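K.L.:
sequence first, then the predicted structure, then my questions.
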Amino acid sequence: MSAREEVLARLRAALAGAPPVVPAPGPVPRRQGDRPPGRPELVELLRQRLVDYRAEVHRAAGADVAGTVAAILAAAGARTLVVPAGLPADWRPGTVEVVVDEDLPAARLAGLDAVLTAAAVAVAETGTIVLDAGADQGRRALSLLPDLHVCVVRPAQVVGIVPEALDRLTPGRPLTWISGPSATSDIELSRVEGVHGPRRLHVVLTDG
Amino acid sequence: MRTFLGMPTTAPAGVGHLRGDEPFPAAARKALGDAQLRRNLRHATTTIRAKSGAVIDEVPDWAELRAAGRAIKADTMARLPELLEQLEAAVTAAGGVVHWAADAVEANRIVTELVRATGADRVMKVKSMATQEIGLNEALEAAGIEPVETDLAELIVQLGNDKPSHILVPAIHRNRAEIREIFRREMPGVDPDLTDEPAALAAAARRHLRQTFLSTKVAVSGANFAVAETGTLAVVESEGNGRMCLTLPETLITVMGIEKVIPTWADLGVFLQLLPRASTGERMNPYTSMWTGVTPGDGPRQVHLVLLDNGRSAVLADPVGRQALHCIRCSACLNVCPVYERTGGHAYGSVYPGPIGAVLSPQLTGVADNASLPYASSLCGACFDACPVLIDIPSILVHLRGQAPHPRAEAAAMAAAAYTMDHPRLYAAAQRAAGLGRVAGRALPPPLNGWTASRDLPAAPPQTFRQWWAERGSGS
């Protein structure tokens, strides 16, 4: 008997001899979200929740993403920026050296100051942005190794709660859910920002 | 131990970390003597209870979410074989390789062989209860492979030659000053002037592990959830060490207890709302990674999933105890438990401490091997109130106490009491004797002194009810 057959046989035997005490579930009501994506109050809630977990949030008129990003990089002292190949060309700032990720080695990515990506969806209630490795976000390592992550979120991408975000995501894609900068609660259960992931997270909210 | 092919089987002894060296009362007595430990635990559990309570209060449908979590898990357990086959098919279709391990020995062998096949002599690890449970690090070391723990708390435990004492924060028993000392002593190249500021300690761990992340070819992880319908695995974390391990190496090996499967993609919505708020007291943890098999050009090229039984089939076979398999490892029950807060996690002997450990460990090993754990509770019920998936831990504790071997003295005393209560004259005499016994002090003689080792014998009243009734009748 293979281990697979052995385990499955054990589980079937376990269930055959023992009707469950916890009753088989009927339908349990689940909140699905009732606010249309991109409503100003949702975008404002997202902003508050991001700030609460030490992300920095900026508002930018659609045409001025590049200028806003340039100001963020200048203030942080970042001189090199990596971007995914599919990032909108007019988001790239002209003030720093911009490197397009073409399967760069990890050590090279880790040596760059900042990364600029779009997002797939954002969750207002939890202050979360989700990346799905789309062309304007790039592979997962890209948003992980540089110490400063700048992420641009459009209002139409902002939903209220987690189930709405799952509805909009494609399960087969590699997904990264990000809620603030890297942090830990491992020392006396107090939250401290800045461990292995990017220590600074800036989110740029556009107006369209 | 005798095993029968195809029948539910408990976890084997001699491998892994489900059994302690001594019974809970003996281990707890030592822990209670450590005032520093008790201060550290009280500080940490008080902090987390306040944070968790505040973010749970924000959720309007928390009660419905808990009910949904329980319903999904109950449904999962009732359909576990078919869901695992569905998961296997989905992971395989997405380019992953699925392995089955009946117990810890098999799982350790499978992982060791997979690492050997890559030629690597070092693996980096994401914090995982399943690999702690099976003693994977020891098995890898025995095979000449160095396991590097990358979670900050696991790193503190590994560097300090210590044992984990909490499901979420394995180094909860250490305060910042102790952590600084461990780092100064054990971390190569660390700044000798390192302060005990948590931010400075976190930065030291970042520097220490950076090169490991960039150069290690194989990673081992656990999984918080596995979605049967899509083959998607999820790891919930905070620091980014999980993202590093899940993204940068060429080979990823995930070891997962079979109860972690959930039926549908939408079910993730329930658990991703429940887990962070109950666990770290955050609206959402900083990072959650989800992957489905292999994605060309993004992340590991070899993806393995090891499905682990190791006693879970035996838990499933108990209709009352089965709900212990619903646990999502948030550790809320530890943080509210008056026993855990005083003894800490080491006293439980198993990698699963606290209330959930007291019901899970004895079922995984067979009650005889962890017979004192069902008694490591005052049955106050705080764990049930805190559990985000509504596991009725007190009822399982009582159920397991019924299965634990009882001392012969207890059976003899119960039989004597039953006989006495059946015979009114004997009963009256016994009550009078108990009244006289007040002069004997507040402890029982052997073999009954176990009862009074941790509590005083209540003083017998000066007069029994029967005596009072008789005197009252004559006086009126």
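P.N.:
Now that the structure is in, tell me what you want to look at. Since the model is a prediction, treat every value here as computed from it, not as a measurement.
K.L.:
chain center to the helix or strand hosting B:Ala26: distance?
P.N.:
Using DSSP states H and E, B:Ala26 falls within helix B:24-32. The chain centre lies 18 Å from the centre of helix B:24-32; the measure is Cα atoms, centre = their mean, to the nearest Å.
K.L.:
what is it packed up against?
P.N.:
If contacts are counted by 3 or more Cβ pairs under 8 Å, 6 or more residues apart in numbering or on different chains; DSSP states H and E, helix B:24-32 sits against helix B:338-343. All C-beta spots, glycine's among them, are computed from the backbone N, C-alpha and C.
K.L.:
would you mark the buried spots in the helix it packs on?
P.N.:
For helix B:338-343, the buried set under the neighbour-count rule, 16 or more other Cβ atoms under 10 Å in any protein chain shown, comprises B:Val339, B:Tyr340, B:Glu341, B:Thr343.
K.L.:
circling back to that earlier point, can you give me the buried ones in the helix holding B:Ala26?
P.N.:
B:Phe24, B:Ala27, B:Ala28, B:Ala31.
K.L.:
residues making contact with that helix?
P.N.:
B:20-21, B:37-38, B:339, B:342-344, B:346-349, B:372-373, B:375-376, B:453-454 (Cβ atoms under 8 Å, 6 or more residues apart in numbering or on different chains).
K.L.:
where in the chain is the helix or strand with the lowest mean pLDDT?
P.N.:
Because you didn't say which chain, this covers chain A. When the helices and strands of chain A are scored by mean pLDDT, DSSP states H and E, strand A:192-193 comes last with a mean of 86.
K.L.:
that answer is for a different chain, and I need it for chain B
P.N.:
For chain B, judged by mean pLDDT, DSSP H and E, that is helix B:449-452, with a mean of 71.
K.L.:
how far out from the middle of the chain is that one?
P.N.:
Centre-to-centre, helix B:449-452 and its host chain are 29 Å apart (Cα atoms, centre = their mean).
K.L.:
after it comes which helix or strand?
P.N.:
Remark: after helix B:449-452, the chain's next helix or strand is helix B:465-475, criterion DSSP H and E.
K.L.:
SS state for the residue in chain A that chain B sits nearest to?
P.N.:
Closest contact between chain A and chain B, by Cβ to the nearest Cβ, is at A:Gly197 (2.6 Å). Secondary structure assignment for A:Gly197 (DSSP: H, G, I helix; E, B strand; the rest coil): coil.
K.L.:
can you map out the helices along chain A?
P.N.:
A:3-16, A:40-52, A:65-76, A:106-110, A:162-168 (DSSP state H).
K.L.:
output those helices in CSV, with mean pLDDT and distance to chain B appended to each entry.
P.N.:
Shown next, in CSV, are the helices of chain A (pLDDT from 0 to 100; distance: least, Cβ to the nearest Cβ, whole Å):
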stretch, mean pLDDT, distance to chain B
helix A:3-16, 96, 3
helix A:40-52, 97, 7
helix A:65-76, 97, 17
helix A:106-110, 96, 5
helix A:162-168, 96, 4
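K.L.:
low-confidence stretches in chain B?
P.N.:
B:1-3, B:435-442, B:445-448, B:450, B:474-476 (pLDDT under 70).
K.L.:
tell me the residue of it that sits nearest chain A?
P.N.:
Counting by Cβ to the nearest Cβ, chain B gets nearest chain A through B:Gly240, at 2.6 Å.
K.L.:
ok, that residue touching A:Gly197?
P.N.:
Yes: contact criterion Cβ atoms under 8 Å: B:Gly240 and A:Gly197 qualify, at 2.6 Å.
K.L.:
for chain B, what's the longest helix?
P.N.:
Longest helix in chain B, counting by DSSP H: helix B:35-57.
K.L.:
which helices and strands sit right next to that helix?
P.N.:
Under the contact definition 3+ Cβ pairs under 8 Å, 6+ apart, helix B:35-57 sits against helix B:267-279, helix B:332-336, helix B:338-343.
K.L.:
related to what we said a few turns ago, where does the residue of chain A closest to chain B land on pLDDT?
P.N.:
Among the per-residue scores, A:Gly197 holds a pLDDT of 91.
K.L.:
now for it: which residues touch it?
P.N.:
Applying Cβ under 8 Å, 6+ apart to A:Gly197 gives the contacts A:Leu144, A:Pro181, A:Ser182, B:Glu239, B:Gly240, B:Arg243, B:Met244, B:Pro286, B:Tyr287.
K.L.:
can you put the residues you listed in CSV and add distance to A:Gln48 and neighbour count?
P.N.:
Putting the contacts of A:Gly197 into CSV (distance: Cβ to Cβ, whole Å; neighbours: other Cβ atoms under 10 Å in any protein chain shown) gives the following:
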residue, distance to A:Gln48, neighbour count
A:Leu144, 26, 27
A:Pro181, 16, 24
A:Ser182, 21, 28
B:Glu239, 24, 30
B:Gly240, 24, 28
B:Arg243, 25, 29
B:Met244, 30, 26
B:Pro286, 17, 31
B:Tyr287, 21, 27
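K.L.:
now, which of the residues you listed lie within strands?
P.N.:
Taking DSSP state E as the definition of strands, the contacts of A:Gly197 contribute B:Tyr287.
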